[in-house]
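Trainee: Here's a sequence, model it:
(chains A and B)
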Amino acid sequence: MNKIMMKGTEAIGEAAIRAGCRLYFGYPITPQSELTEYMARRLPQVEGTFLQAESEVAAVNMIYGASSVGKRVMTSTSSPGFSLMQEGVSYIACAQLPSVFVNVVRGGPGLGDIQPSQGDYFQATKGGGHGDYKLLVLSPSTVQEAADLTGVAFELADKYRNPVLIFADGLLGQMMEPVSFSDKKVSYDNSSWALIGAKNRPARQVTSFNIDPYGLEKMNLELQKKYKLMEENEIRYETTLTEDADILIVAHGTMGRIAKSVVEMARKDGLKVGLFRPITLYPFPYEALRKSAADVSLVLTVEMSSGQMLEDVRLAIAERTRVEFYGRMAGVVPMPLEIYEVLKQKIGRRS
Amino acid sequence: MSKNSVFVGLFGSGKTEIAINFALKLKSAGRCVAIADIDIVSPYFRTRDARSLLEKRGLTVITPPRQLMKADLPIITASVAGYLSNASHDVVLDVGGEESGIVVLGYLEEHLKDADFYFVVNTRRPFTTDVEGIVSSIDRLRKHARIEIDFLVNNANTGDETTPKIVREGEEILEEVSNLMKIPVAFSVVKKDLKVSDTAFPIFRIERFMTLDKEVER
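Mentor: Next up is the predicted model:
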């Protein structure tokens, strides 16, 4: 098909529909209400169901229900809204149900503001809700990548029967770029486990509790086994000019895209700077980052937060190389020149 | 041509860019020009984000008060009505997208009786890629705002990837809409550096303001 101009939010919505998602439950919140609007308009055209829930708590429980019958289902929200959903997300993870969540992150904490941020990294990657569970977390940096990863998100959700989170930020959600979609027909089959009627077979159970601790521990061990598989098989990242790099910038999502401009600036000045951009935030690409950083003298992590991914970067690098950080919070976006100045200061070299 | 011009359309059709460039063009023709940001729906990429740049270029920029510019609130500054009715300024209105954005025109109705209404269409945007989609979008907005559209604007583009073919493809679709709805096409929007000739409609060259670096430089 022809390329069209889409906001990140719209591209995620369209990609979800093309991935076979026919159910959307959600509650509007800035800066992602366009996704809700888009689904409201598009789903009836493809005989799907759009439903505006009375709250995020209601929406996440609708997701729980729909996913237990094996249907591809999605919701989208922004930071405070995703906080409200956490209890349900934990239930869905425990019940091993596939579903796709989109968090278009805005400035926090609290009510915060409506400007772009990456301050929900801990919530996304370290649990968020209660208990020992993990979400698969994807962080796109362009509108096209947001569309592509949405398709990936539905596949992974089904493959692992696990909730998948698309971690975007306000800028990516609102920014417009040309995007194309594949016309490939998508089919999926969750009939081997879904609650679709137990005629002529024993009834199945989808549940998120077991009052026997040994039983619950068994459920937990199953989850842990699954997370290990994800860590082995689902790592995604992108490297830019890392082969000969002496300095490595690590940044994800919108920040990764902005950091690319910093790499270009530095290279023009003859500085050997490369970029490592994690695409899966969980599982985090520890090993790959360690390898990319093997021969550099400085690693600079840049985030739109106080330094959350920084902890994972430090885990990857350990004490092998100097790890520095630069970040802005509350919806302030670090700009290429600003980051470049910081980088030069850290190298101890000014021009 | 009326002294007041109103740009309406769907989300992301390009209203803000065109409104800004339209205002600058009036300015360069020697007029006194005010541009009013009455977009109550978009959180980012709004006229207010280019405010200081536009003031430097000599435009009067009407936005919510500075401390409320980033608030998630539907604020229409009272002075908009004043500028619309005052003969001293040509006024360009940048209205938010869809029905939810256009409802503000009800509040300004009595000041907009003689205004020119431009409906901006990007035929490479969702829901307006064909004649049917465009006609139903125009109908919906007309009903909600109780306005009549005076001109169509062809803003067919895919950003930096726009080709002359995309501009002409938009013209063909809009020509059909124009014949069907009896609304003339005012111009085809072409960004500054794109080489296009043989367009069906007059070319309106624009400079881009709603870019990533300008958005985050606050």
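
Trainee: only C-alpha atoms for contact and neighbour calcs from this point on.
Mentor: OK.

Trainee: all helices of chain B, in order?
Mentor: In chain B, the segments counted as helices under DSSP state H are B:15-28, B:51-56, B:79-85, B:98-102, B:104-108, B:131-145, B:164-181, B:212-216.

Trainee: The first one: how far from the chain's middle?
Mentor: Same thing as helix B:15-28. 8 Å (C-alpha atoms, centre = their mean, to the nearest Å).

Trainee: Which strands or helices does it pack on?
Mentor: Judged by 3 or more C-alpha pairs under 8 Å, 6 or more residues apart in numbering or on different chains; DSSP states H and E, helix B:15-28 is in contact with strand B:4-9, strand B:33-38, strand B:90-95, strand B:203-206.

Trainee: got those strands as TSV, with mean neighbour count and distance to chain A columns?
Mentor: Listed next are those as TSV, based on neighbours: other C-alpha atoms under 10 Å in any protein chain shown; distance: least, C-alpha to the nearest C-alpha, whole Å:
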stretch	mean neighbour count	distance to chain A
strand B:4-9	25	15
strand B:33-38	27	18
strand B:90-95	26	17
strand B:203-206	18	17
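
Trainee: want to throw these into TSV with distance to A:Leu35 and mean pLDDT?
Mentor: Listed next are these as TSV, based on distance: least, C-alpha to C-alpha, whole Å; pLDDT from 0 to 100:
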stretch	distance to A:Leu35	mean pLDDT
strand B:4-9	18	94
strand B:33-38	22	92
strand B:90-95	20	94
strand B:203-206	29	96
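
Trainee: Dihedrals phi and psi, the closest residue to A:Val296 other than its chain neighbours?
Mentor: Excluding the flanking residues, the one nearest A:Val296 by C-alpha to C-alpha, 6 or more residues apart in numbering or on different chains is A:Asp246, at 4.3 Å. With angles defined as degrees, to the nearest 10, A:Asp246 sits at phi -100, psi -20.

Trainee: since we're on A:Asp246, how many residues are nearby?
Mentor: As a burial measure, A:Asp246 scores 17 neighbours (other C-alpha atoms under 10 Å in any protein chain shown).

Trainee: Look up how far A:Arg22 lies from it.
Mentor: A:Asp246 sits 48 Å away from A:Arg22, going by C-alpha to C-alpha, to the nearest Å.

Trainee: Show me what B:Tyr118 is bridged to.
Mentor: Assessed by DSSP bridges, B:Tyr118 has beta-bridge partners B:Phe7, B:Phe151.

Trainee: pretty sure it is touching B:Asn4, no?
Mentor: No: when contacts are counted by C-alpha atoms under 8 Å, B:Tyr118 is not listed as touching B:Asn4 (10.9 Å).

Trainee: quick one: A:Val152 from chain B, how far?
Mentor: 22 Å (C-alpha to the nearest C-alpha, to the nearest Å).

Trainee: Against which helices or strands is the helix or strand hosting A:Ala16 packed?
Mentor: Element membership for A:Ala16, per DSSP states H and E: helix A:8-18. For helix A:8-18, the packing partners by 3+ C-alpha pairs under 8 Å, 6+ apart come out as helix A:33-42, helix A:143-160, helix A:170-174, strand A:176-179.

Trainee: Would you mind pulling the contact partners of that helix?
Mentor: A:32, A:34-35, A:38-39, A:43, A:74, A:142-144, A:146-148, A:150-151, A:154, A:172-177, A:179, A:181, A:185-186 (C-alpha atoms under 8 Å, 6 or more residues apart in numbering or on different chains).

Trainee: and with 6 Å instead?
Mentor: Helix A:8-18 has contacts (C-alpha atoms under 6 Å, 6 or more residues apart in numbering or on different chains) with A:35, A:143, A:147, A:150, A:172-174.

Trainee: out of those residues, who's nearest chain B?
Mentor: A:Gln174 (6.8 Å; C-alpha to the nearest C-alpha).

Trainee: what's the neighbour count on that closest one?
Mentor: For A:Gln174, the neighbour count with other C-alpha under 10 Å is 24.

Trainee: That one and A:Thr30 touch, don't they?
Mentor: No: counting by C-alpha atoms under 6 Å, A:Gln174 does not reach A:Thr30; the two are 10.2 Å apart.

Trainee: so how far is chain B from the residue nearest to A:Val296?
Mentor: 27 Å.

Trainee: Contact partners for that residue?
Mentor: A:272, A:296-297.

Trainee: do that again at 8 Å, thanks
Mentor: Applying C-alpha under 8 Å, 6+ apart to A:Asp246 gives the contacts A:272-274, A:295-298.

Trainee: Taking the stretch 101-250 of chain A, what residue is nearest to chain B?
Mentor: Residue of the stretch 101-250 of chain A nearest chain B, by C-alpha to the nearest C-alpha: A:Pro178 (5.3 Å).

Trainee: now the strands for the stretch 1-150 of chain A?
Mentor: A:4-7, A:23-26, A:49-52, A:73-77, A:99-105, A:136-138 (DSSP state E, counting those that start in this stretch).

Trainee: Could you list the residues in contact with the fifth one?
Mentor: In other words, strand A:99-105. Contacts for strand A:99-105 (C-alpha under 8 Å, 6+ apart): A:31-32, A:63, A:67, A:72-79, A:82, A:116-120, A:153-154, A:157-158, A:161-170, A:173.

Trainee: Kindly export stretch B:10-20 (C-alpha atoms) in PDB.
Mentor: Written as PDB, here are the backbone C-alpha positions of stretch B:10-20 (Å, rounded to 0.1, in the frame of the first residue of the first chain):
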ATOM      1  CA  LEU B  10      -9.200  16.500  10.600                       C
ATOM      2  CA  PHE B  11      -6.400  15.800  13.100                       C
ATOM      3  CA  GLY B  12      -3.000  16.200  11.500                       C
ATOM      4  CA  SER B  13      -4.200  17.400   8.200                       C
ATOM      5  CA  GLY B  14      -1.700  20.300   8.300                       C
ATOM      6  CA  LYS B  15      -3.900  23.200   9.500                       C
ATOM      7  CA  THR B  16      -1.300  24.700  11.900                       C
ATOM      8  CA  GLU B  17       1.500  24.800   9.300                       C
ATOM      9  CA  ILE B  18      -0.700  26.300   6.700                       C
ATOM     10  CA  ALA B  19      -2.300  28.800   9.100                       C
ATOM     11  CA  ILE B  20       1.100  30.000  10.200                       C
END
